[in-house]
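*Asks:* any chance you could fold what I've pasted below:
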Amino acid sequence: MTQRVDTDTGQTGPGGEPAPSRTPGLSTAEVAERVARGEVNDVPVRSSRSAAEIVRANVFTRFNAIIGVLFAIILVVGPIQDGLFGFVIIANTGIGIFQELRAKRTLDNLAVIGEAKPVVRRDGRSTPVPTGEIVLGDLVELGPGDRIVVDGRVAESDSLEVDESLLTGEADPVVKQPGDPVMSGSFVVAGGGAFTAVKVGREAYAAQLAEEASRFTLVHSELRSGISTILRYITYMLVPAAIGLIISQTVVESRDLDEAVRRMVAGIVPMVPEGLVLLTSVAFAIGVIRLGRKQCLVQELPAIEGLARVDVVCLDKTGTLTEGGMDVSELRLLADTDEASVRQVLGALGAADERPNASLRAVIDAYPVDPGSGLRRTGALPFSSARKYGGAAFTGQDGGTAGWLLGAPDVLLPDEHPALSHVDDLNTRGLRVLLLARASRDLHDPDVASDVEPHALVVLEQRLRPEAADTLRYFAEQGVAAKVISGDNAVSVGAVAAKLGLPGADAPVDARHLPSDPEGMADAIEKGAVFGRVTPQQKRDMVAALQARGHDVAMTGDGVNDVLALKDADIGVAMGSGSEATKSVAQIVLLNNSFATLPSVVAEGRRVIGNVERVANLFLTKTVYSVLLAVLVIIWQVPYPFLPRHLTLLATLTIGVPAFFLALAPNKERAAPHFVRRVMRYAIPAGLIAGTATFTTYLLARSHYSGPNALDAETSAATLTLFLVAMWVLAIVARPYTWWRVALILTMAAAFLAVQVTPWLQEFFALRLVGLTMPLRAVAIAAIAAVLLEFGWRWVARRFPA
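*Replies:* Numbering: from 1, shown residues only. Okay, here's the model as predicted:
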């Protein structure tokens, strides 16, 4: 094998180019000493909340505190069946904690699988280690796409370029020389090198930022913020209604204080939508578990919801629509170039890059280094997505030195060059083309790409992902616009997109000709579907332009050139095989590298959004009719019509059990905005109708019944009306019907019927319909209310569209 000769030390290395002198790094003993002193990068990379945070979030809530106090009061005054609501809350809280802990375990296991392992040099050997095992003074090696995980100082630099835009906002990469500082949170865009860790753990810059903003809550969730808004308004209503009810029942039932307390509690408990937050958390948690089984790591839970709301998805071609690997299909020589020498140069260029990208790996596979070439590397220009080319300088056996560039033909050649006609022909067939050219200037000259001498075209065949066409078709059917944004030649990208059936692929746009003003760029992006020769900064600008037009934008990618756009997009999706920097800023990581997983994420998001909206209608209808009943009782100065056990039974059959099944059911409905408005426009009129119908029956029953047991009969009649009206609300919310939804409604009705006909259940729940006249009136009032609900539901949908 040919040896490389180090120009500085005389040492040799394989491949024919100089091997830079290597610092051995820390010894094993030095690492052990630092670990013993606690100088370890011990900041946990969390993809979920801790177990203690989950327990606290589910147990110590405002509404649990209210329910807990009322439960304690009932335990004092009795009987125990009026305290059933307390046991229901305990069970609900337990279910919520269990499901969230399951989700946490799934997330943490996936996070370990997808965790980046930086390469450190110890005892002279390069070893990948978990981020948490880096110690102070470690020598960390860097290559393109690597994320800098701790603060340090550059020890070695091979044309090292670092992007610090996520920290400083500066768009241009910074060239780093030995001695220069590097900050955690930045990433390498070109070149390589190594740095010495000078700050680890919570002292590192990125760790300080993470302390201020936990990764768990970075994504905006309209669902959660909407529910928080609703709960805030409910609290405002609950406090005065509860105070009025306490005073009213104490005055009305002055002769029986225990009975007054029980009916006061019965009036307050149903005002609290205790299960709404629980079911939202459970719905998210189940979504995480389901996606985890498909090797999809959700780094921020609301990202499930976010992807379901996007209306534009921006796709990077390489690694997303195509597989990461490529194959050299042809070598086209230009002018009088000797093929053997071209192959030697290509082999030397491949050997010169320690971290080759997908294109260069294909070149390396096709043209391995020639031991007899005698080429010795004397300089390097790492490939950069912004430049669209890279290269190296070699000294030959004759002592002459030449610089070679390998990159995009339309960047390295002037527009009128005849070789570009060959390139255009190849691009229309979806092939990627690289130009091998000899440079007439020094590699580090800013104009090195000018006046190059073209020698050959390297034609690469890209491997389409087999699932890409179906996924693009899915997005089209769902009304989500797909935009392919790539650094490759626009014609080539368009040809690939056309093979996958993407609408608009026949009119690719060269991003170098896009308008620079935001409005003009936004117009061009909305009209186009395929964009080529896009720089990393342009990708970021394109995402911003779409967002400025009111679009919810998702961005998928796997390379370092996608990082800025992924960070700024509403939802960033990275491939598991992508660069460390890409995965660190994405909210969703597809660990199986399958683009086909995205529809599953969208489906889970739609299930969460659509189903939580369904169950929110049930819970908030109950809150509205409970507040209305409390107000009417206060005005009429009558005993509250229910005991806690009655409302526990009604809430369980018409809300609790049905809501649990509805929240976890499949739901393919499009995610719609304005969650609060959509829910309240139905819940308020439904609650008003239910409360008015129930109180009407109660007043009629008070005039119909008399005697010592009249209140029980009045309560039973009012309970019948409220159950029937609440069941009709459930029947409306459960639409469109499926066999299991119909079975669910019938089962709940059968359970209530069982209570009415079973003597010991009648006694337990204090429910017994007396006579025939009043129960029939109760049913008739409920029927009228059902008609009003149907009319109101349709009228609201037309009058107040979401």
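
*Asks:* remind me which residues of this protein are low pLDDT?
*Replies:* For the chain, residues meeting the criterion pLDDT under 70 lie at 1-22, 43-49, 110-115, 165-171, 204-220, 253-255, 301, 324, 802.

*Asks:* tell me the residue furthest from the middle of this structure?
*Replies:* Ranked by distance from the centre of the chain (Cα atoms, centre = their mean), the top residue is residue 707, with 62.2 Å.

*Asks:* separation between that one and residue 623?
*Replies:* Counting by Cβ to Cβ, to the nearest Å, the separation of residue 707 from residue 623 is 34 Å. Where C-beta positions appear, they are placed from N, C-alpha and C, glycine not excepted.

*Asks:* so when I look at the residue farthest from the centre of the chain, I'm seeing a helix, right?
*Replies:* No: if the criterion is DSSP: H, G, I helix; E, B strand; the rest coil, then residue 707 is coil and not within a helix.

*Asks:* and it, its phi and psi?
*Replies:* Main-chain dihedrals, residue 707, degrees, to the nearest 10: phi 110, psi 180.

*Asks:* could you measure from it over to residue 636?
*Replies:* 20 Å.

*Asks:* go on, residue 132?
*Replies:* Taking Cβ to Cβ, one finds residue 132 at 66 Å from residue 636.

*Asks:* helix/strand/coil for residue 356?
*Replies:* coil.

*Asks:* tell me who's in contact with it.
*Replies:* Neighbouring residues of residue 356 by Cβ atoms under 8 Å, 6 or more residues apart in numbering: 350, 363, 364.

*Asks:* could you redo the residues you listed as a markdown table and give each row secondary structure?
*Replies:* A markdown table is the format used below for those (three-state DSSP):
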| residue | secondary structure |
| --- | --- |
| 350 | helix |
| 363 | helix |
| 364 | helix |
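
*Asks:* in a markdown table, list these along with distance to residue 88 and neighbour count.
*Replies:* Below are the contacts of residue 356 laid out as a markdown table (distance: Cβ to Cβ, whole Å; neighbours: other Cβ atoms under 10 Å):
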| residue | distance to residue 88 | neighbour count |
| --- | --- | --- |
| 350 | 67 | 22 |
| 363 | 66 | 23 |
| 364 | 65 | 18 |
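
*Asks:* can I get the residues you listed in TSV including distance to residue 159?
*Replies:* Shown next, in TSV, are these (distance: Cβ to Cβ, whole Å):
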residue	distance to residue 159
350	17
363	19
364	19
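
*Asks:* for the stretch 601-750 of the chain, what spans make up the helices?
*Replies:* 644-651, 657-664, 675-704, 710-733, 739-757 (DSSP state H, counting those that start in this stretch).

*Asks:* which of the ones you listed sits closest to residue 507?
*Replies:* helix 675-704 (37.1 Å; Cβ to Cβ).

*Asks:* so where do the strands sit in the stretch 101-250 of the chain?
*Replies:* 119-122, 125-128, 139-142, 151-163, 174-175, 181-182, 187-199 (DSSP state E, counting those that start in this stretch).

*Asks:* tell me, what residue is most central in this structure?
*Replies:* Going by Cα atoms, centre = their mean for the chain, the residue that ends up nearest the centre is residue 303, at 2.4 Å.

*Asks:* what's that one sitting at in phi/psi?
*Replies:* Taking degrees, to the nearest 10 as the convention, residue 303 sits at phi -60, psi -30.

*Asks:* residue 311 versus that one, what's the distance?
*Replies:* Counting by Cβ to Cβ, the gap from residue 303 to residue 311 is 16 Å.

*Asks:* does residue 351 touch residue 363 like I think?
*Replies:* No: contact criterion Cβ atoms under 8 Å: residue 351 and residue 363 do not qualify, at 10.4 Å.

*Asks:* which residues are in contact with residue 321?
*Replies:* Residue 321 neighbours (Cβ under 8 Å, 6+ apart): 315, 464, 465, 468, 484, 496, 497, 500, 595.

*Asks:* hmm, I was thinking of residue 35
*Replies:* Residue 35 neighbours (Cβ under 8 Å, 6+ apart): residue 135.

*Asks:* again, only this time at 6 Å
*Replies:* Listed by Cβ atoms under 6 Å, 6 or more residues apart in numbering, the contact set of residue 35 is empty.

*Asks:* C-alpha coordinates for the host helix or strand of it, CSV please?
*Replies:* Assigned by DSSP states H and E, residue 35 falls within helix 28-36. Output of helix 28-36 as CSV, limited to C-alpha atoms (Å, rounded to 0.1, in the frame of the first residue of the first chain):
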residue,chain,number,x,y,z
THR,A,28,-7.1,6.3,31.2
ALA,A,29,-5.7,7.3,34.6
GLU,A,30,-6.3,11.0,33.9
VAL,A,31,-9.9,10.3,32.9
ALA,A,32,-10.4,8.3,36.1
GLU,A,33,-9.0,11.2,38.2
ARG,A,34,-11.4,13.7,36.6
VAL,A,35,-14.4,11.4,37.1
ALA,A,36,-13.5,11.0,40.8
